[in-house]
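# here's my sequence, what's the structure:
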Amino acid sequence: MATNTRPAIATCTALVLAAVAVGVLATLSPSTRSISHHADAQSAQTQARSEALGSGHSGGLSILEGYSALISFHGGSSSEDVNEVYVYHLASGKLHDTLMKKHAVKQGHARNLRGLEYDPDRNVLYVAQAYKHDGCIYTLDLNKKEPEAYRLYEQDGELHTYGLALANKRRWLLTSNQDTGDVSLHDSRDGKVLAYPYVTLSHKDASPRGIAVDEERRVMFLAERYAYKVSCWSLDFDDATKRPKEKLFEIDVDHPIGVTYDAKSRRLFVASDADDKEQANVRRFHIDRVDKAPKIEAVYKPHKDDELAHPTGIELVYLRRSDEEVFGGEGGAVVLVLGQKKRALYAFDALTTKYLGKVIEDFPDDPEDLLVLRNDLAEVL
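Residues are numbered from 1 along each chain as shown. So this is what the prediction gives:
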């Protein structure tokens with residue numbers, strides 16, 4: 001889920017806005033968003049489509065009844081490669097739908113898809129594309145009956161658009177750019193560049209990936225994969241420089257990629273890729289203050305037989321709420337993380353770190369980001 005100085009970022013040409021109709025999606029929590037349930041999801045037609053697309057082996061996790069996962073894939077240029085956003089029902093693990101083709105993104109135009117973000121107020125899905133010099137953000141407007149297409153922004157020179165995060169009451173869209181080592185800031189409504197680069201990282205090969213935001217305390221968390229850290233930045237804007245006023249702290253993490261933040265518990269979850277010493281994992285930090293780096297609080301790892309490798313997208317899903325217990329106590333919330341190399345989605349109990357198993361496996365190459373939504377409010381997908 002930006003500031004200016006540097007080659008220009010050109011604005012709009014051909015990013016995708018598309019549509020289906022009906023209803024408003026409401027946010028379940030800062031880390032869990034909402035989506036509709038389609039009555040025929042388990043129909044023979046849907047199952048046949050799932051098999052034809054080679055969409056992954058169904059397994060599912062029954063406690064996730066009522067939730068769906070949107071997963072982006074970054075295939076290559078071959079017609080057989082998957083460059084799509086798939087929608088899965090998590091309780092069954094079944095493929096429910098595909099979004100890019102459905103929303104009028106022409107075959108071959110959507111390539112190397114990365115980060116996902118959703119605005120429940122406007123019912124809009126953002127999808128980052130990182131294809132060579134054709135980096136852009138697709139916006140799928142789920143309110144429109146007729147598809148529209150435009151590029152939210154385009155940068156001159158190198159481009160590898162990756163992480164997306166909404167901020168400032170969803171008026172800002174923050175975007176990490178993997179190859180240029182910076183973060184850009186846009187108006188989420190029209191794509192206007194508010195600041196570029198908004199953040200420029202000191203490590204020339206930092207390769208920024210996931211972004212998460214604490215809206216209440218106005219800070220941004222940024223995974224800097226090859227700088228081996230997650231940095232925390234103030235979102236307060238310096239009018240003179242068009243940059244954040246300060247970097248607040250850094251957390252040392254091996255190859256951080258995906259990040260998600262739970263405002264209720266003030267916990268930050270980081271998908272950490274393997275180093276030479278240990279298996280990849282998810283690390284949890286308690287951000288009780290924003291002027292000091294936290295210590296690690298917990299680590300999530302699957303069983304050795306279910307190796308987690310190159311973890312990318314990550315989400316926290318609340319199953320129940322409690323004001324007295326963190327994450328609603330044991331069984332109250334689930335951490336989901338995509339393992340790109342093994343092409344699987346893994347689940348853990350958020351409080352205890354207990355491994356719950358693979359929800360879906362044998363995805364096509366290569367699953368990248370994960371967005372979890374609820375099924376029960378409107379039939380829009």
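# tally of neighbours for Asp121?
By other Cβ atoms under 10 Å, the residues close to Asp121 number 13. All C-beta spots, glycine's among them, are computed from the backbone N, C-alpha and C.
# how about it, phi and psi?
phi -70, psi -40 (degrees, to the nearest 10).
# excluding sequence neighbours, find me the nearest residue to it.
Leaving aside its sequence neighbours, Asp121 sits nearest to Arg170 (Cβ to Cβ, 6 or more residues apart in numbering; 5.9 Å).
# any stretches of the chain with poor pLDDT?
The chain contains residues with pLDDT under 70 at 1-58, 76-80, 104, 106-108, 132-133, 145-159, 204, 242, 275-277, 376-381.
# now do 80
1-58, 76-81, 101-109, 131-135, 142-159, 196-198, 200-205, 237-246, 274-278, 376-381 (pLDDT under 80).
# how about the residue in it sticking out farthest from the centre, secondary structure?
Most distant residue from the mean C-alpha position of the chain: Ala240, 31.1 Å away (Cα atoms, centre = their mean). Here Ala240 is recorded as coil under DSSP: H, G, I helix; E, B strand; the rest coil.
# OK, contacts around it?
By Cβ atoms under 8 Å, 6 or more residues apart in numbering, Ala240 lies in contact with nothing.
# got it, and the one 10 residues further on?
Applying Cβ under 8 Å, 6+ apart to Glu250 gives the contacts Lys229, Val230, Ser231, Cys232, Ala293.
# so it is in which element?
Assigning secondary structure by DSSP states H and E places Glu250 in strand 247-252.
# so what's the gap between that strand and the chain middle?
21 Å (Cα atoms, centre = their mean, to the nearest Å).
# check contacts around Asp349.
Glu330, Gly331, Ala333, Val334, Val335, Leu356.
# now list the buried members of the residues you listed.
In the contacts of Asp349, burial by neighbour count holds for Gly331, Ala333, Val334, Val335, Leu356, counting by 16 or more other Cβ atoms under 10 Å.
# the first one and Tyr355, how far apart?
Right, the one you point to is Gly331. Per Cβ to Cβ, to the nearest Å, Gly331 is found 14 Å from Tyr355.
# give me the number of residues near Asp239?
Asp239 - counted by other Cβ under 10 Å - has 5 other residues nearby.
# do the one 5 residues further on as well
Other residues within reach of Pro244 by the criterion other Cβ under 10 Å amount to 23.
# roughly how far apart are it and Tyr346?
33 Å.
# what do you get for Asn123?
Relative to Tyr346, and taking Cβ to Cβ, Asn123 is found at 29 Å.
# neighbour count winner among those two?
Remark: of Asn123 and Tyr346, Tyr346 carries more neighbours, 26 against 23, as counted by other Cβ under 10 Å.
# the more buried one and Tyr355 touch, don't they?
Yes. Using Cβ atoms under 8 Å, Tyr346 is in contact with Tyr355, at 7.5 Å.
# tell me, what's touching those two both at once?
Pro302, Asp306.
# got phi/psi on Ser62?
Dihedral angles (degrees, to the nearest 10) for Ser62: phi -60, psi -30.
# what about the closest residue to it other than its chain neighbours, how many neighbours?
The spatially closest residue to Ser62, leaving aside those adjacent along the chain, is Ala91, at 5.6 Å (Cβ to Cβ, 6+ apart). Around Ala91 there are 18 other residues, counting by other Cβ under 10 Å.
# same question for the one 10 residues further on.
Using other Cβ under 10 Å, the number of residues around Lys101 comes to 15.
# how much space separates it from Ser72?
Distance, Lys101 to Ser72, by Cβ to Cβ: 14 Å.
# now do the shared contacts for the two.
Shared contacts of Lys101 and Ser72 (Cβ under 8 Å, 6+ apart): Glu84.
# who does the strand holding Glu250 pair up with?
strand 229-234 (antiparallel) (DSSP bridges).
# contacts for the strand it pairs with, please.
199, 201, 218-224, 244-253, 256, 259, 268, 270, 287, 290, 293.
# can you map out the strands along the stretch 1-150 of the chain?
Secondary structure of the stretch 1-150 of the chain by DSSP state E, counting those that start in this stretch: the strands cover 9-11, 16-17, 33-34, 57-58, 67-73, 85-89, 94-98, 113-119, 124-129, 136-141, 148-149.
# so which of those strands comes closest to Pro208?
Across the strands of the stretch 1-150 of the chain, Pro208 has its closest neighbour in strand 113-119 (10.9 Å, Cβ to Cβ).
# make TSV from the contacts of Glu250 and add distance to Val105 and neighbour count to it.
Formatted as TSV, these follow (distance: Cβ to Cβ, whole Å; neighbours: other Cβ atoms under 10 Å):
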residue	distance to Val105	neighbour count
Lys229	35	21
Val230	32	26
Ser231	33	23
Cys232	34	25
Ala293	41	17
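# ok, those vs Val82, which is closest?
Closest approach between the contacts of Glu250 and Val82, by Cβ to Cβ: Val230, at 29.2 Å.
# show me what contacts the nearest residue to Lys295 once chain neighbours are set aside?
For Lys295, ignoring the flanking residues on the chain, the nearest one in space by Cβ to Cβ, 6+ apart is Phe285 at 7.5 Å. The contact partners of Phe285, by Cβ under 8 Å, 6+ apart, come to Ile251, Arg267, Leu268, Val270, Pro294, Lys295, Ile296, Glu297.
# of these, buried ones?
Judged by 16+ other Cβ under 10 Å, buried ones among these: Ile251, Arg267, Leu268, Val270, Pro294.
# would CSV of the residues you listed with distance to Asn177 and secondary structure be doable?
Output for the buried ones among the contacts of Phe285, formatted as CSV (distance: Cβ to Cβ, whole Å; DSSP: H, G, I helix; E, B strand; the rest coil):
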residue, distance to Asn177, secondary structure
Ile251, 21, strand
Arg267, 27, strand
Leu268, 22, strand
Val270, 20, strand
Pro294, 27, coil
